[in-house]
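Colleague: how does the following fold in three dimensions:
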Amino acid sequence: MPSMSTPLLSLAVLWLLFFLYSMIGWVIETTYCSVPEGHFINRGFLNGPYIPIYGTGAMIAVIILSGIPRYLGDISGYLGAFLLGGTLSCVVEYVTSWAMERLYHARWWDYSRRPLNLNGRIWIGGFAEFGGCCVGVLLVNPFIVEAIEALPEDMIFGASLVTAAVFVSDVVVTNVGTATLRENMDFLRLETSSRLHALRESLPSLHVPELHERPEIDLPSLDGVVDTYLRPRMESATQAAQETLSTLGEVAPHPMQESTVQNIYRMRAESPDSLSYLHLPSLPSLRDIPGLRELPAVRELAESFAARLNKQQRRLMRAFPTARPTNWEQNFNEYEETLREYAEYIRELEKWEGN
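Modeller: Below is the predicted model:
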């Protein structure tokens, strides 16, 4: 904690520390996101080069945790500061995520696919990162406070007023620019749900019960079809032909007296159309799949959504490329099982037609 001559001056120093650590957090986040992408990304909800959540975490370390190493000793104290700092910072991150989602109907970051996460808002990696940052603040903050306190009081007050005015102006401009973002996120969510619903409604017609209700047929091969449907018909036809030939007095063996299955394969090999007169049972085919109802393209939806965004909102979409409308994941999960069954059905038909 800074120890200045007046409470107002101490408050000014605390504000400068908050602003400075917010800028350091912006540098860390921007570097972390820009380097993999190969281009600059202004990683922050506000327009300026600062991320307040980092400044808040630093203030937790400065105000709450600074006395722990003195009471517990260096090793135990810094370990306690790491654990408590990581916990309190995660509380701040969780509350920030919840409040921003309530305000804008959008999830700005989502750790659902990362280990040991809580509702996708915080995770164990963030806890370790914030805890380490709190320990780092405790180590470097005395030197920063000493440098600030060495400045003239007028300069400290002036810097505090200027940075506070810039910060507040940025908050106002950002909120004005994002006034319609909530409505736009609702539009994207509803349009996506509408398209998924239309897709789901078109899928039931693709189900062919006969494909699974004939266990006597070996789907991957033709033998089951031959044995089940063709053999009885061919044997019946052979017997009728023999009776006819016998009646006419012909004694020469007829080609149909060969093994029925062998004869069918021979005829099929010599002329694929030679069995066209046989009335086979209706079999599933990829060609028979009814076409899906015409759905608006995803590209069209993306272009429509982008056209609704103003300059401020487009910058936020670039800063938070993983931002999604509220319940975005849930909308897809509702139809995941239906789509999985459909994909399995298509694989079975492809396997059938490949034999």
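
Colleague: okay, now residue 119: neighbour count?
Modeller: Using other CB atoms under 10 Å, residue 119 has 12 other residues around it. No exception for glycine: its C-beta is placed from N, CA and C like everyone else's.

Colleague: and it, what does it touch?
Modeller: Applying CB atoms under 8 Å, 6 or more residues apart in numbering to residue 119 gives the contacts residue 94.

Colleague: pLDDT value on it, please?
Modeller: With respect to pLDDT, residue 119 scores 92.

Colleague: okay, it and residue 109: tell me how far apart.
Modeller: 12 Å (CB to CB, to the nearest Å).

Colleague: over to residue 300?
Modeller: Taking CB to CB, one finds residue 300 at 28 Å from residue 109.

Colleague: likewise for residue 116?
Modeller: 16 Å.

Colleague: what about the residue nearest to residue 115 when sequence neighbours are not counted, distance to residue 15?
Modeller: Among residues not flanking residue 115 along the chain, residue 124 sits closest, at 6.2 Å (CB to CB, 6 or more residues apart in numbering). As judged by CB to CB, residue 124 and residue 15 stand 32 Å apart.

Colleague: tell me which of the two has more neighbours.
Modeller: Shown here are residue 124 and residue 15; by other CB under 10 Å, residue 15 has more neighbours (19 against 15).

Colleague: nearest residue to the more buried one other than its sequence neighbours?
Modeller: In space, residue 15 is closest to residue 160, 5.0 Å off (CB to CB, 6+ apart).

Colleague: and the host helix or strand of the one you found, what does it pack against?
Modeller: Assigned by DSSP states H and E, residue 160 belongs to helix 153-177. Other helices and strands packing on helix 153-177, by 3 or more CB pairs under 8 Å, 6 or more residues apart in numbering; DSSP states H and E, are helix 7-37, helix 311-319.

Colleague: contacts for the last one next, please.
Modeller: Think helix 311-319. 41-45, 47, 173-174, 176-178, 180-181, 184, 306, 309, 323.

Colleague: who does the helix or strand that that helix is followed by pair up with?
Modeller: Tracing the chain past helix 311-319, the next element assigned as helix or strand by DSSP H and E is strand 324-325. Here strand 324-325 has these sheet partners by DSSP bridges: strand 106-107 (antiparallel).

Colleague: and the strand it pairs with, average pLDDT?
Modeller: Across strand 106-107, the per-residue pLDDT values average to 92.

Colleague: hmm, who's touching that strand?
Modeller: Strand 106-107 is contacted by residues 97, 100-101, 120, 181-182, 185, 323-326, 328 when judged by CB under 8 Å, 6+ apart.

Colleague: pretty sure residue 115 sits in a helix.
Modeller: No. Counting by DSSP: H, G, I helix; E, B strand; the rest coil, residue 115 falls outside a helix, being coil.

Colleague: how close does it sit to residue 29?
Modeller: Distance from residue 115 to residue 29, by CB to CB: 21 Å.

Colleague: on that earlier part again, can you put the helices and strands packed on helix 153-177 in CSV and add distance to residue 65 and mean pLDDT?
Modeller: Shown next, in CSV, are the helices and strands packed on helix 153-177 (distance: least, CB to CB, whole Å; pLDDT from 0 to 100):
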stretch, distance to residue 65, mean pLDDT
helix 7-37, 13, 93
helix 311-319, 29, 92
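
Colleague: format those as a markdown table; extra columns: distance to residue 68.
Modeller: Shown next, in a markdown table, are these (distance: least, CB to CB, whole Å):
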| stretch | distance to residue 68 |
| --- | --- |
| helix 7-37 | 18 |
| helix 311-319 | 34 |
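
Colleague: out of these, nearest to residue 146?
Modeller: Closest approach to residue 146 among these is made by helix 7-37 (10.8 Å; CB to CB).

Colleague: skip ahead from the closest one and say which helix or strand is next.
Modeller: By DSSP H and E, the next helix or strand past helix 7-37 is helix 52-60.

Colleague: who touches that following helix?
Modeller: 14, 17-22, 24-26, 28-29, 46, 85, 88-89, 92-93, 96, 130, 133-134, 137, 141.

Colleague: average pLDDT across that helix?
Modeller: 94.

Colleague: follow-up on the earlier one: name the next helix or strand downstream of the helix holding residue 160, please.
Modeller: helix 181-202.

Colleague: who has more neighbours, residue 300 and residue 109?
Modeller: More neighbours surround residue 109 than the other of residue 300 and residue 109, with 17 against 11 (other CB under 10 Å).

Colleague: settle this for me: that one is touching residue 322, isn't it.
Modeller: Yes. Shown here, residue 109 and residue 322 form a contact pair, counting by CB atoms under 8 Å, at 6.5 Å.

Colleague: ok, now how distant is residue 119 from residue 110?
Modeller: Taking CB to CB, one finds residue 119 at 10 Å from residue 110.

Colleague: could you chop this protein up by domain?
Modeller: 7-177, 193-309+341-353 (automatic domain parsing).

Colleague: and the helix or strand containing residue 145, what's buried?
Modeller: Using DSSP H and E, residue 145 sits in helix 124-149. Residues of helix 124-149 classed as buried by neighbour count (16 or more other CB atoms under 10 Å): 126-127, 129-131, 133-135, 137-138, 141, 144-145, 148-149.
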